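Trainee: When you get a sec, could you give me coordinates for this:
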Amino acid sequence: MDIIETKNLTKYYGKIRGIEDITLSVKKGEIFGFLGPNGAGKTTMIRTLLGFLKPTRGGAYLFGLNINEDGLEIKQDIGYIPGDLNLYGHLAGGQFLQYFTSLRSSDAYLLEELLTIFDVPLDRKIKGYSKGMKQKLGIIQAFMHDPELVIMDEPTSGLDPLLQQKFYDFLLKEKKKGKTMFLSSHILSEVDKICDRVGIVRDGRLVALENIDTLKDKKGKIIRLKLKEKPSSFKGPKNMKIRDGWIQFIATDNIDHWIKKMSKFTIIDLEISEFSLEDIFIHYYEGKR
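Mentor: Okay, the predicted model is just below:
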């Protein structure tokens, strides 16, 4: 079952493109990463999915329901962590959670578990919270009613590395329960670690949509070598670069072919590594497809 489905989803702000012709689907029980730098269109995508922005054209469906026609029904079973987390500073943390519980038709089933993982001072006013505490409170309110779908915009912002790992472990636990998560991020290691699939967005357009491992496999290996001879004497593929005496290129075809070519030179040093998600990201943002 597709929990999220978009068809040519487009949002313009006047003449300025937010997102354009994005078509994708997210299946039940999947953690889907939506990857791109700031300004690429990630937040516009999320706000359009949630019905906060009206699409310029195209459509989006959550649980098979149209976001423009069934918005109230859809939101009852969604958790949301916004990128610009703006909480009610005059309330204590406990009051804030009670307020959001009153807005839901379901109980806060996971509240006790979440408070154990993301400990926050419930009796202290939110305006006195640190950025990390506010982020933890935002995570708690998004998950506490045990939603089927959680949409997150840069959810680990402000969390220290230990809390980030606890958050990843919690997401993977929720995934095993069949929950679906849509995660917008610019942190490459984060997406690589927990997501099943990734969509890479560039200037509002989707430029890659694939399983992470498959995406890496498609792009081959990174070869770095240093020769006794002049680096320019080695004729590599078009993507070859020479930096500080090192030759670097991406081998997307037969590795044996390049090994044989290198054997004609005196090799001082050689490195062959997997093409990481970070390399893929840079690859697309340099305009190479």
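
Trainee: Which parts of the stretch 51-200 of the chain are helices?
Mentor: With helices called from DSSP state H, counting those that start in this stretch, the stretch 51-200 of the chain shows them at 71-75, 93-103, 111-117, 131-143, 161-176, 188-194.

Trainee: Name the residues of the fourth one that come out as buried.
Mentor: Pointing back at helix 131-143 there. Burial within helix 131-143, assessed by neighbour count using 16 or more other C-beta atoms under 10 Å, is assigned to 132, 133, 134, 135, 136, 137, 138, 139, 140, 141, 142, 143. (C-beta placed from N, C-alpha, C; glycine too.)

Trainee: got the contact list for that helix?
Mentor: 79-82, 85, 87, 93, 96-97, 100, 110-111, 114-115, 118-121, 126, 129, 150, 152, 155-160, 163, 167, 170, 174 (C-beta atoms under 8 Å, 6 or more residues apart in numbering).

Trainee: Over to the second one?
Mentor: Defining contact as C-beta under 8 Å, 6+ apart, one finds that helix 93-103 is touched by 87-88, 91, 107-108, 111, 120-124, 126, 129, 137, 140-141, 144-145.

Trainee: between it and helix 131-143, what angle do the directions make?
Mentor: On the basis of axes from the mean of the first three to the mean of the last three C-alpha atoms, to 10 degrees, helix 93-103 is oriented at 20 degrees to helix 131-143.

Trainee: if you average pLDDT over helix 93-103, what comes out?
Mentor: Per-residue pLDDT values over helix 93-103 give a mean of 91.

Trainee: now the last one
Mentor: Mean pLDDT, taken over the full extent of helix 188-194, equals 86.

Trainee: How about the shortest one?
Mentor: For helix 71-75, mean pLDDT rounds to 82.

Trainee: Could you report the distance from residue 131 to residue 1?
Mentor: Separation of residue 131 from residue 1 (C-beta to C-beta, to the nearest Å) stands at 37 Å.
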